[in-house]
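**Student:** only the shape, not the letters, is given here:
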């Protein structure tokens with residue numbers, strides 16, 4: 001009877017530990033996905049600003065006359 005109680009106790013602990021492992025795994029997955037999304041968003045904004053800066057050096061802006069020299073950044 002004592003062994004049977006121990007066996008039930010081990011099964012209960014195993015279920016709790018697997019649930020805990022899944023919670024940690026899903027938490028890490030969500031955190032990784034959020035970090036990747038933030039990384040992609042920041043890289044895209046950085047690239048857009050770099051492209052705009054390069055385009056501003058070679059192409060006149062719409063609101064400026066063509067003969068005005070652009071300031072170097």
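**Tutor:** Alright, I've got the coordinates. It should be emphasised that the depicted structure is a prediction, and the values quoted were computed from it without experimental measurement. Numbering: from 1, shown residues only.
**Student:** what ranges does this structure have for its helices?
**Tutor:** 2-58 (DSSP state H).
**Student:** where does it have low pLDDT?
**Tutor:** Within the chain, the segments meeting pLDDT under 70 span 1-15, 60-73.
**Student:** recalculate using a threshold of 80.
**Tutor:** The chain contains residues with pLDDT under 80 at 1-16, 59-73.
**Student:** for residue 58, give its distance to residue 50.
**Tutor:** 13 Å (Cβ to Cβ, to the nearest Å). Yep, even glycine has a C-beta here, placed from its N, CA and C like the rest.
**Student:** ok, those two, which is more surrounded?
**Tutor:** The neighbour count for residue 58 versus residue 50, taken as other Cβ atoms under 10 Å, is higher for residue 50 (10 against 7).
**Student:** contacts only, for residue 38.
**Tutor:** Under the criterion of Cβ atoms under 8 Å, 6 or more residues apart in numbering, residue 38 has no neighbours.
**Student:** distance check, it against residue 26.
**Tutor:** Distance from residue 38 to residue 26, counting by Cβ to Cβ: 19 Å.
**Student:** could you do residue 20 as well?
**Tutor:** 11 Å.
**Student:** now do residue 54
**Tutor:** Distance, residue 54 to residue 26, using Cβ to Cβ: 42 Å.
**Student:** residue 34: neighbour count?
**Tutor:** 10.
**Student:** repeat for residue 59
**Tutor:** Residues lying near residue 59 (other Cβ under 10 Å) number 9.
**Student:** for residue 31, same thing?
**Tutor:** With other Cβ under 10 Å as criterion, residue 31 counts 10.
**Student:** contacts only, for it.
**Tutor:** For residue 31, no residue meets the contact criterion (Cβ under 8 Å, 6+ apart).
**Student:** quick one, what contacts residue 28?
**Tutor:** With the criterion set at Cβ under 8 Å, 6+ apart, residue 28 makes contact with nothing.
**Student:** what touches both of residue 58 and residue 50?
**Tutor:** Counting by Cβ under 8 Å, 6+ apart, nothing touches both residue 58 and residue 50.
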